[in-house]
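A.B. asks: A structural model of the following input is requested.
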Amino acid sequence: MDPSSYRVTTVSRGFKYRYYFTQPRSPIKTFLFFVHGYPSTSYDWYRQVQFFQEKGYGLIVPDMLGYGGTSKPTDPASYNKDIARDLIDILDAENIKQAVFIGHDWGSWFVSRVLSLFSDRAQAAGFLALGYMPPSPNTHLASEETLKKLKELVGYEVFAYIKFFGGDEDSSKICMENLDAFWNILYPEDPKTWLTDMAPAGALKESLLSGKVLPQASWLSSEDRAHQMEAIRAGGLEAPMCYYRAHIRGIHMKGDQAIPLPNYTISQPVFYGAALEDYICLPLLSKPNMDKYCKNLTYKEFKANHWIMLQVPDEVNRELLAWVEGLEGLDLQQ
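C.D. replies: Numbers count the residues shown, from 1 in each chain. The predicted structure is shown next:
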């Protein structure tokens with residue numbers, strides 16, 4: 001991604017956001033707004049940036065709060081629903097009325113909040129791996145009640161690792177001190193690694209402290225791995241862990257309590273790219289909510305792990321393009 005195409009703006013909350021930006025090549029091409037998750041930067045979208053830029057689309061691809069060239073506050077309260085407002089502030093800085101938002105991982109959560117809170121600014125929305133997350137004003141993903149229900153449903157505590165990330169004050173230190181081992185779990189050669197070394201309660205911390213280092217992923221290039229890890233070495237994990245600390249502390253639930261029930265339903269076109277080898281962001285958990293709340297849903301399955309846009313970029317780009325091209329007849333206010 002061309003460094004000269006990056007811009008920086010200060011959003012209304014006072015944080016600086018760095019983002020990749022290109023104009024569309026024609027009036028009928030919309031802006032695609034890609035939103036990454038944990039523990040990534042805008043770089044994780046580079047295969048989509050290359051592809052869609054060549055197709056003439058406008059692109060907005062930020063380093064999210066806590067990452068890359070964007071501000072890195074370490075107060076978990078900063079990582080609330082107002083991040084959706086930050087994304088809208090980037091649109092405003094560029095005088096753009098609407099965009100197609102596409103999220104992955106935590107990016108999917110904040111694209112969901114853009115839809116709930118700023119619906120008129122989203123022409124459509126795409127979700128990869130983790131689908132649309134309707135507001136959840138009464139519980140969170142790592143609550144004992146939720147973990148119990150998930151274990152009954154799928155046989156294991158899908159989101160128990162969140163308790164380590166968000167509830168252990170040493171989580172960032174442990175991960176940074178064992179970064180190679182951590183990276184090889186997050187980006188696994190065998191996707192079922194997440195069943196043993198990540199998802200279950202206590203498994204990730206135990207694995208990292210054991211000295212065990214799993215094989216590097218063959219599907220992730222050495223260049224990509226080095227780029228990702230260098231970004232984390234430079235910025236650390238203390239700020240990125242705040243997404244999980246905010247979730248554990250009920251900050252996201254509190255924000256969701258202000259969202260009225262009619263805003264749960266999404267009228268815009270929605271794309272969901274399900275990762276069939278993702279053992280945490282399971283399609284069977286996302287799909288029912290999307291069937292319930294997304295009235296114009298396009299559903300595609302990919303034989304890939306969580307990092308769908310990196311592992312099978314050509315397939316993802318092809319399906320996203322077909323969906324985006326179907327949006328071009330819709331009214332879009334630039």
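A.B. asks: so where is the protein shaky, pLDDT-wise?
C.D. replies: Residues of the chain meeting the criterion pLDDT under 70: 329-334.
A.B. asks: domain assignment for it?
C.D. replies: 3-137+258-325, 144-248 (automatic domain parsing).
A.B. asks: How far away from the center of its chain is the last one?
C.D. replies: In terms of CA atoms, centre = their mean, to the nearest Å, the centre of domain 144-248 is set 15 Å apart from its chain centre.
A.B. asks: Equivalent analysis for the longest one, please.
C.D. replies: The gap between where domain 3-137+258-325 is centred and where its chain is centred comes out at 7 Å by CA atoms, centre = their mean.
A.B. asks: For that domain, measure first residue to last.
C.D. replies: For domain 3-137+258-325, the separation between the terminal residues is 28 Å (CA to CA, to the nearest Å).
A.B. asks: Quick one: the domains of the chain as a markdown table, columns for mean neighbour count too.
C.D. replies: Just so you know, the C-beta spots here come from the backbone N, C-alpha and C atoms, and that holds for glycine as well. Putting the domains of the chain into a markdown table (neighbours: other CB atoms under 10 Å) gives the following:
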| stretch | mean neighbour count |
| --- | --- |
| domain 3-137+258-325 | 20 |
| domain 144-248 | 17 |
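A.B. asks: For the stretch 201-334 of the chain, which segments count as strands?
C.D. replies: 266-275, 294-302 (DSSP state E, counting those that start in this stretch).
A.B. asks: Make a markdown table out of those and add distance to Lys149.
C.D. replies: Formatted as a markdown table, the strands of the stretch 201-334 of the chain follow (distance: least, CB to CB, whole Å):
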| stretch | distance to Lys149 |
| --- | --- |
| strand 266-275 | 21 |
| strand 294-302 | 22 |
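A.B. asks: of the ones you listed, which approaches Leu150 most closely?
C.D. replies: Go through the strands of the stretch 201-334 of the chain one by one with CB to CB and the one that ends up closest to Leu150 is strand 266-275, at 17.4 Å.
A.B. asks: need the contact list for Asn80.
C.D. replies: Remark: with contacts taken as CB atoms under 8 Å, 6 or more residues apart in numbering, Asn80 is in contact with 246, 251-252, 254-255.
A.B. asks: Now, of the residues you listed, which are buried?
C.D. replies: In the contacts of Asn80, burial by neighbour count holds for 246, 251-252, 255, counting by 16 or more other CB atoms under 10 Å.
A.B. asks: Those residues in helices, which ones?
C.D. replies: With helices defined by DSSP state H, the entries of these inside them are 246, 251-252, 255.
A.B. asks: How is the closest residue in space to Met133 that isn't next to it in sequence assigned, secondary-structure-wise?
C.D. replies: When the adjacent residues along the chain are set aside, Met133 lies closest to Ser112, with 4.4 Å between them (CB to CB, 6 or more residues apart in numbering). Remark: Ser112 carries the secondary structure label helix [criterion: DSSP: H, G, I helix; E, B strand; the rest coil].
A.B. asks: was I right about Ser112 contacting Gly126?
C.D. replies: No: under the criterion of CB atoms under 8 Å, Ser112 makes no contact with Gly126, lying 11.6 Å away.
A.B. asks: So which residues of the stretch 51-200 of the chain form strands?
C.D. replies: Applying DSSP E, counting those that start in this stretch to the stretch 51-200 of the chain gives strands spanning 58-62, 99-104, 122-128.
A.B. asks: Mind checking these for the one nearest to Lys300?
C.D. replies: When the strands of the stretch 51-200 of the chain are compared by CB to CB, strand 122-128 sits nearest Lys300, at 9.9 Å.
A.B. asks: Pairing partners for the closest one, with directions?
C.D. replies: strand 99-104 (parallel), strand 266-275 (parallel) (DSSP bridges).
A.B. asks: want to throw these into a markdown table with distance to Val324?
C.D. replies: As requested, those are arranged in a markdown table below (distance: least, CB to CB, whole Å):
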| stretch | distance to Val324 |
| --- | --- |
| strand 99-104 | 6 |
| strand 266-275 | 8 |
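A.B. asks: Would you mind telling me which of these is nearest Pro134?
C.D. replies: Closest to Pro134 of the strands paired with strand 122-128, according to CB to CB: strand 266-275, at 8.8 Å.
A.B. asks: Tell me what angle that closest one forms with strand 294-302.
C.D. replies: With axes from the mean of the first three to the mean of the last three CA atoms, to 10 degrees defining the directions, strand 266-275 sits at 10 degrees from strand 294-302.
A.B. asks: Other residues contacting strand 266-275?
C.D. replies: Applying CB under 8 Å, 6+ apart, the contact partners of strand 266-275 are 102, 115, 119, 122-129, 131-132, 281, 283, 286-287, 290, 293-302, 304-306, 308, 316, 319-320, 323, 326-327, 330.
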